[in-house]
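**Student:** Quick one, structure for this:
(chains A, B, C and D)
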2 protein chains.
Amino acid sequence: MAENIPPELASDLRHYLTRLYLALRRHSPINELSATQSSALATLLDHGPMRMGELAERECVRMPTATSLVDVLTRDGLAERRPDPDDRRAVVISLTDQGRALIADIRDRRDATVTAALEQLTAAQVAALAEAAPALRDLQARLENNDR
Amino acid sequence: MAENIPPELASDLRHYLTRLYLALRRHSPINELSATQSSALATLLDHGPMRMGELAERECVRMPTATSLVDVLTRDGLAERRPDPDDRRAVVISLTDQGRALIADIRDRRDATVTAALEQLTAAQVAALAEAAPALRDLQARLENNDR
DNA sequence: TATTGTTATACTCTATAACTATA
DNA sequence: TATAGTTATAGAGTATAACAATA
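**Tutor:** Residues are numbered from 1 along each chain as shown, chains lettered A, B, ... in the order given. Modelled structure (predicted):
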């Protein structure tokens, strides 16, 4: 494990990461979906149909919040509730074809935005980012784990 | 400028950055300040007293939002309004000593959280992150600029 | 009894529109 | 008339508490 952490690194990373997220978020498609909604759709796309409780947990929200979120997605034809055949208390949330197409399209356009920004960096900077990507993933995992 | 962007890099970075932000955000001090409030305090700490309109612009919110945010900060003794001596329509927002101490303390604790996670990575990973930090800063700047 | 989900209610954050006071 | 800020109002997102149906 690392021992000599450069003194400013934690502060710099926290600052840049926060700003990057806000910049990315500002590129969220206006007039289409909120960040909350697109996050839920992406979770459903990546992990398949799931029960309300699992969706709430993955999105780090409480059940009533998930209920009202799914209400909106259902109203807009992006997701649907079905009864769970194994447990009549439960519902299973799944994407509609329209929901699947929309979130895939949004992802493509967001990736294109980041690619366009990357193209304005130097080749060395892009290489540094590619080198650091796995460390970013692990850093995130550590933060999540230290959390719970 | 870079030309050959690795195909998965944009997608990976977007994903890790989003998750990292959410993980960092979850470490926000509970029962103390919301993300919105601490962001405003940090802006006031970094840039000194400013008028309501400037605070709104820096926080990327509209004026009524800034007004109610400052209402809360004032109510809690973290900031204060003063008349602008040069323009009797305007107010100047400044931190109180209590607000300054609180935001400095929050920053220190957030940095400590990130440092603790960094210490669990390998030395090579920490080096890769330190190497990539300037590129993260520039990537953010490009995204902001492409935006406006 | 315990669990799954919904309903009721409330607070924060955000916005637009209308207003007041001053420039 | 234009600008700085506030007030009025509304909608999204979040929470806790209380409830219904089922396990």
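
**Student:** What segments of chain A are strands?
**Tutor:** All strands of chain A, identified by DSSP state E, fall at A:50-51, A:79-83, A:91-95.

**Student:** Can you give me the buried ones in stretch A:112-127?
**Tutor:** Using 16 or more other CB atoms under 10 Å in any protein chain shown as the test for burial, stretch A:112-127 gives A:113-115, A:117-118, A:120-121, A:125-127. Quick note: C-beta positions are derived from backbone N, CA and C, even for glycine.

**Student:** Mind listing residues that contact the worst-scoring helix or strand of chain A on mean pLDDT?
**Tutor:** Across the helices and strands of chain A, mean confidence by mean pLDDT, DSSP states H and E is lowest for helix A:9-26: a mean of 80. Outside helix A:9-26, the residues within contact range by CB atoms under 8 Å, 6 or more residues apart in numbering or on different chains are A:35, A:110, A:113-114, A:139, B:14, B:17-18, B:20-21, B:24, B:60, B:107, B:110-112, B:114-115, B:118, B:126, B:129-130, B:133, B:136-137, B:139-140, B:143-144, B:147.

**Student:** Filter those residues down to the buried ones and express that as a ChimeraX selection.
**Tutor:** Restricted to buried positions by 16+ other CB under 10 Å, the ChimeraX selection for the contacts of helix A:9-26 reads:
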select /A:110,113,114,139 /B:14,17,18,20,21,24,107,110,111,114,115,118,126,129,130,133,136,139,140,143
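
**Student:** check contacts around the nearest residue to residue A:122 once chain neighbours are set aside.
**Tutor:** Nearest residue to residue A:122, sequence neighbours excluded (CB to CB, 6 or more residues apart in numbering or on different chains): residue B:2, at 6.3 Å. The neighbours of residue B:2, taking CB under 8 Å, 6+ apart as the test, are A:118-123, A:125-126.

**Student:** And residue B:2, how close does it get to residue B:144?
**Tutor:** Applying CB to CB, to the nearest Å, the value for residue B:2 to residue B:144 is 18 Å.
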